[in-house]
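> what's the 3D shape of this:
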Amino acid sequence: MMERELTPREKMILRYIVQEFIMTANPVGSRYLVKRYNLGLSPATVRNIMADLEDLGYLTHPHTSAGRVPTDKGYRFYVDNLLEIKDLTLEEKEAIKNIIQDKTELESILKDISKLIGRISKQLSIASTPQINDAILTQLDIISLSETKLLVVINIQSGLVRTIILEVSSEISRDRLDFVKTILNERLSGLTLRQIRETFADRVRDIEHDYGEIIKIFLRSAGKLFYDFYDVDKVHIGGVPDVLEHPEFNNPDRVRDIMELVEDEDVIIQVFQTLRTHSSQRAETGKVIVSIGEENPEDRLKNYSLVASEYKIGGVSGVIGLLGPKRMNYSRMISLVNFTCNVLSEVLH
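As a prediction, the model looks like this:
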């Protein structure tokens, strides 16, 4: 049986209840709404509308209170139909841009970004590293640090850099290093890290005899040099102290739940993968996925909402997400995730 469409009055009352509950964490009563929003309706009329919304499953009320709070269904309707996306402040935008623009190492960027958006959002913030097996090598450099140490600098498409120190048994002349560097760049640039790893030996076989020592070092280290830069499932988590400030965590059991979640990265990774796989089936705002309460695939997340989106770097992608109580400011959270992913994608492309 198809559910009837909400009336304009019902939508208005639902919007105000969700907004007030997000701000105050207190059940919302009819008298309060009439005064707060100057509705021009009697408290009795508003109570009747609230009762209808409760019958339809959008609201519920705690046993000890006459006020109402949103259900998962109420939050979902609000996010899909009533939400007005509000922009971040200029200061917040600048802070995010500065972190991303000031660094080249992605791990460092994601670590700092997760801390910053955790502080801004007062939610648990999650930044996952992308799988870069299929990213393309743009340039390789070899620098002599000492008689026995070489620094290899690997640049991949999008400006990301990886550096590795290799040990050698004796000093190698600058001319020989430059020749090997030129040959490697000619033969490897434009290939993916996976292709290089799998075919490296074949690509250098003809110069192995004349440049034996340095080529042997590269052969021994190919797995280390050209592996996926980052663990496919690595995540950075920030905002732990901030999310615990919410009144939902006055209950010690809820604190223990969230702390166990933080320590169990596998659960967070699994949730991200599920959301990414089924994102087309999820309600989306722009490119941001919002998953509320019972919609979450993991039982431990039934009391929480997740706001997440992908950022893209050189053809591969990672995820930025916020996890917190269902009573989160969805407008700000969606803006924050969307802006962060857009800046990451633009700066690191």
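
> shouldn't residue 150 be in contact with residue 166?
Yes: assessed by Cβ atoms under 8 Å, residue 150 is found in contact with residue 166 at 4.7 Å. (C-beta placed from N, C-alpha, C; glycine too.)

> distance from stretch 336-348 to the middle of the chain?
Averaging C-alpha positions (Cα atoms, centre = their mean, to the nearest Å) puts stretch 336-348 10 Å from its chain's average.

> hmm, back to that, which neighbours do residue 150 and residue 166 share?
Residues touching both residue 150 and residue 166 by Cβ atoms under 8 Å, 6 or more residues apart in numbering: residue 217.

> in this protein, which helix or strand is least confident?
Ranked by mean pLDDT, DSSP states H and E, the weakest helix or strand in the chain is strand 284-285, scoring a mean of 46.

> beyond that strand, next helix or strand please.
Following strand 284-285 in sequence order, the next helix or strand is strand 288-292 (DSSP states H and E).

> for that following strand, name the packing helices and strands.
Judged by 3 or more Cβ pairs under 8 Å, 6 or more residues apart in numbering; DSSP states H and E, strand 288-292 is in contact with helix 72-77, strand 304-313, helix 330-348.

> strand partners (parallel or antiparallel) of the very next helix or strand once past the second one?
Next along the chain after strand 304-313, taking DSSP H and E as the criterion, comes strand 316-325. Paired neighbours of strand 316-325 in the sheet (DSSP bridges): strand 124-128 (antiparallel), strand 304-313 (antiparallel).

> now the ones you listed in TSV, please, with extra columns for distance to residue 113.
Output for these, formatted as TSV (distance: least, Cβ to Cβ, whole Å):
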stretch	distance to residue 113
strand 124-128	6
strand 304-313	10
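
> please work out which of the ones you listed is packed deepest.
strand 124-128 (a mean of 27; mean count of other Cβ atoms under 10 Å).

> contacts for the next helix or strand after that one next, please.
Next along the chain after strand 124-128, taking DSSP H and E as the criterion, comes strand 137-146. For strand 137-146, the surrounding residues in contact (Cβ under 8 Å, 6+ apart) are 150-157, 165, 171-172, 174, 177, 180-181, 184-185, 188-193, 196, 226.

> just the ones of the residues you listed in strands?
Mapping these onto strands (DSSP state E) picks out 150, 151, 152, 153, 154, 155, 156, 165.

> which members of those residues are the farthest-apart pair?
Farthest pair in these (Cβ to Cβ) is 150 and 156. Separation: 19.4 Å.

> dump the helix or strand in which residue 98 is found to PDB, keeping only the CA atoms.
For residue 98, the element it lies in under DSSP H and E is helix 90-101. The C-alpha trace of helix 90-101 is given here as PDB (Å, rounded to 0.1, in the frame of the first residue of the first chain):
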ATOM      1  CA  LEU A  90      35.500  31.100   4.700                       C
ATOM      2  CA  GLU A  91      37.800  30.200   7.600                       C
ATOM      3  CA  GLU A  92      36.800  26.600   7.500                       C
ATOM      4  CA  LYS A  93      37.400  26.400   3.700                       C
ATOM      5  CA  GLU A  94      40.800  28.100   4.000                       C
ATOM      6  CA  ALA A  95      41.800  25.700   6.800                       C
ATOM      7  CA  ILE A  96      41.000  22.700   4.700                       C
ATOM      8  CA  LYS A  97      42.700  24.100   1.600                       C
ATOM      9  CA  ASN A  98      45.800  25.000   3.500                       C
ATOM     10  CA  ILE A  99      46.300  21.400   4.800                       C
ATOM     11  CA  ILE A 100      45.800  19.900   1.400                       C
ATOM     12  CA  GLN A 101      48.000  22.400  -0.500                       C
END
